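Visitor: Make a model of this:
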Amino acid sequence: MGLFTRFKKKTADESDIQKVTSLVNACVYLEPRMKISPLLDKLKELDSLINQPGGGKLITDFPDKENLGICFAFMLHYLKGQSSLVREIWAQEGFYCFIEYLDHQRGGRRGQAEANVLFFTLLCVGRDLLKPKIQDVIDKVRAPQTPFHSVFHADDYAKGAQHVLDQISLFCVSCIHDLGESAVPIMMKITQRYNGFEFFEQTIRRRDLLVYDPHTIIDKERFIRDSIELYLTQM
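Guide: Predicted coordinates:
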């Protein structure tokens, strides 16, 4: 598991999980139908329920990580008036949910591709907000005496969070190819809707990042995920 080892934690109250389930289901129903006013209310209610003392276990114990992850992307896209700190937390929670889901989903290559489409939505709206956390993780494992520092490359330490995030973004896009001919139309719809077209174009041009083995990028995603999980268990 790396430096941020998983450990036994208290489980979330079942009634609270049911409340989160109801709110998540409502959000993923309302957003595609552009019912924005009730969506905003549900997103605010979901944020209020989760982001309070003890609320981290509602995220770690929630079974539908994929839909919870997209709800954090919705928060970033639609609730723009919050502070940078709050928005950074949403981005981290969304990252945790998607990497956790990608690590455990059973839909094969197509399931991975579909999940990465939604993960890319989070990257469209929250990539810059992830950088402080990723940089913090890099800095904490940078010391040579740290036994797990090899998860990152030397150029990750030299170039920082942006370099790691660029690798993750390109890997995410590359996974979407398993959707076949439908991949491009889906990505065009997402990038236009979530103001990510320029980001998408810049990402697919990064041929220099192809030198990184996909398995090492997955290791970095998991390592960052585990760091976020540690924060969630201590909320």
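Visitor: Using the three-state scheme, assign Phe74.
Guide: For Phe74, the assignment made with DSSP: H, G, I helix; E, B strand; the rest coil gives helix.
Visitor: For it, which residues are in contact?
Guide: With contact set as Cβ atoms under 8 Å, 6 or more residues apart in numbering, Phe74 has these partners: 27, 31, 39, 43. Placement of C-beta: from N, CA and C, glycine included.
Visitor: so where is the chain shaky, pLDDT-wise?
Guide: Within the chain, the segments meeting pLDDT under 70 span 1-12, 143-149.
Visitor: repeat that for 90
Guide: The chain contains residues with pLDDT under 90 at 1-15, 51-54, 81, 105-109, 140-151, 154, 177, 180-181, 183-184, 234-235.
Visitor: contacting residues for His53?
Guide: For residue 53 the amino acid is Pro, not His. Met235.
Visitor: so how far is Gly94 from it?
Guide: From Pro53 across to Gly94, the span is 20 Å (Cβ to Cβ, to the nearest Å).
Visitor: Okay, and the spatially most central residue of the chain sits in which element?
Guide: For the chain, the residue nearest the mean C-alpha position is Phe95 (1.7 Å; Cα atoms, centre = their mean). Following DSSP states H and E, one finds Phe95 within helix 84-104.
Visitor: which parts of stretch 170-181 are buried?
Guide: Buried residues in stretch 170-181, counted by 16 or more other Cβ atoms under 10 Å: 170-176, 179.
Visitor: In CSV: those, plus secondary structure and distance to Val141.
Guide: Below are the buried residues of stretch 170-181 laid out as CSV (DSSP: H, G, I helix; E, B strand; the rest coil; distance: Cβ to Cβ, whole Å):
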residue, secondary structure, distance to Val141
Leu170, helix, 22
Phe171, helix, 20
Cys172, helix, 22
Val173, helix, 26
Ser174, helix, 26
Cys175, helix, 25
Ile176, helix, 29
Leu179, helix, 34
